[in-house]
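A.B. asks: have a look; sequence and predicted model below, questions after that.
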Amino acid sequence: MEEKKTIYLDTFIDLLLRNQGKVMGYCYNHLNDWALAEDATQEVFLRAWRSWPNVRNKEHANTWLWRIAARVVIDYANSQYKFIHNKGLNHEELSDDTERMEIRLILSELPPDLEEVIVLFYIDGYSYEEIAAFLSLRISTVRGRLYQARKYLKQLIVPKESSGEKVIYELLAHLWQLTDDTDARIDNWQLKNNKLVFSRGSGSFGNALSKRKDWTDYIVEAKFQIQAIGTKASALRIFWRNEQLWQGYGLSLCVDRSFIHRFEGDWRKAYFLGESEKTFELNKVHQIKIVTARNQFEVHLDGCKILDVQDPDNIYQVGGIGIRTDDLSVAIENVKVTLI
């Protein structure tokens, strides 16, 4: 018996050493609080140790561990949300982090098997195939559970959201893929106080793409503040319905005007759709809203519609969103995608 315990302990310590940092990062990305993340990480490994002797296939222990981590993060987020509300704060006083907790609390009302797949798919951004592997399910079962989860959510969310929004995705740093190309430096992107900040340095270009690339009709909203520019060619570009940079539709907020193009996979290959004299002001916090419906695109800047154009070819009908900075420093926050 002692020999068995020793084997269990040795293999568990190996699991802990290989994953402790990753689990800590995962918990922090979801809870956005180091103290909570530390507590959650301890809870993950405590739960894992209690069940470790019952894990038959230790080769798939990493997958099993991440399932525990996802469950613990949801539990901690829900507990934190309830704690804040018990203090009597009203909606205006709630931070963005607390609003995300509210979304997680809504998810916790789902049956556990449905909550599990919808968190992995929508919040963590895993594919059908990856979720099927994690949970030892058929892909068809994953699809079925997601379908059932969405039906539940319609009943849960619509009565609580007066706007009737179907699904809201908040694209924070842990949901972004920061991408690189020949002239971009990933380390120029930073996360400061829940803002994506790009600071011009030795590399003056930066790219960020959402992991989700299957949206069709949706609204993109964000706040941004351009803090410094390098030349008259400086620009902030917001893409939508794109699989990769320079493929899909893009709004270019330039120094003297704004443009919408359809990009064909290369910044030099673009189909002009429209322009506006309205653009950003340096050091001003702007609110941008891009409405994408079929082949129609509207751009609102600070509540005013500045562009309303169509793509007659309607080539790109599905995709994610992206941001590219060209020779400027910018802070971006409250990025939100709402399906319509």
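C.D. replies: Good, I have the coordinates. Numbers count the residues shown, from 1 in each chain.

A.B. asks: am I right that residue 109 sits in a helix?
C.D. replies: No - Residue 109: not assigned to a helix; according to DSSP: H, G, I helix; E, B strand; the rest coil it is coil.

A.B. asks: distance check, it against residue 33.
C.D. replies: To residue 33, residue 109 is 23 Å away according to CB to CB, to the nearest Å. For every residue, glycine as well, the C-beta is placed using N, CA and C.

A.B. asks: residue 206 too?
C.D. replies: Separation of residue 206 from residue 33 (CB to CB): 27 Å.

A.B. asks: residues near residue 47, how many?
C.D. replies: 15 (other CB atoms under 10 Å).

A.B. asks: just residue 109 next, same as before
C.D. replies: By the measure other CB under 10 Å, the count of residues near residue 109 is 12.

A.B. asks: need the pLDDT of residue 15.
C.D. replies: At residue 15, the model reports a pLDDT of 79.

A.B. asks: more neighbours, residue 206 and residue 33?
C.D. replies: Neighbours were tallied for residue 206 and for residue 33 using other CB under 10 Å; the higher tally belongs to residue 206 (29 against 15).

A.B. asks: which one is residue 309 nearest to, not counting chain neighbours?
C.D. replies: Among residues not flanking residue 309 along the chain, residue 274 sits closest, at 3.8 Å (CB to CB, 6 or more residues apart in numbering).

A.B. asks: now the host helix or strand of that neighbour: buried residues?
C.D. replies: Residue 274 belongs to strand 269-276 when assigned by DSSP states H and E. The neighbour-count check on strand 269-276 (16 or more other CB atoms under 10 Å) flags 270, 273, 274, 275, 276 as buried.

A.B. asks: the next helix or strand along the chain from that strand - what's its average pLDDT?
C.D. replies: Next along the chain after strand 269-276, taking DSSP H and E as the criterion, comes strand 285-293. Mean per-residue pLDDT for strand 285-293: 95.

A.B. asks: same check, this time on stretch 316-328
C.D. replies: Rounded mean pLDDT across stretch 316-328 is 88.

A.B. asks: packing partners for the biggest helix by length in the chain?
C.D. replies: Looking across the chain with DSSP state H, the single longest helix is helix 2-31. Contacts defined by 3 or more CB pairs under 8 Å, 6 or more residues apart in numbering; DSSP states H and E place helix 2-31 against helix 34-51, helix 61-86.

A.B. asks: if we can go back for a sec, out of the buried residues of strand 269-276, who's nearest residue 299?
C.D. replies: Using CB to CB, the shortest approach to residue 299 within the buried residues of strand 269-276 belongs to residue 276, at 7.6 Å.

A.B. asks: which one of the helices and strands packed on helix 2-31 has the lowest average pLDDT?
C.D. replies: Among these, helix 61-86 has the lowest mean pLDDT, at a mean of 68.

A.B. asks: show the backbone phi and psi for residue 315.
C.D. replies: phi -70, psi -50 (degrees, to the nearest 10).
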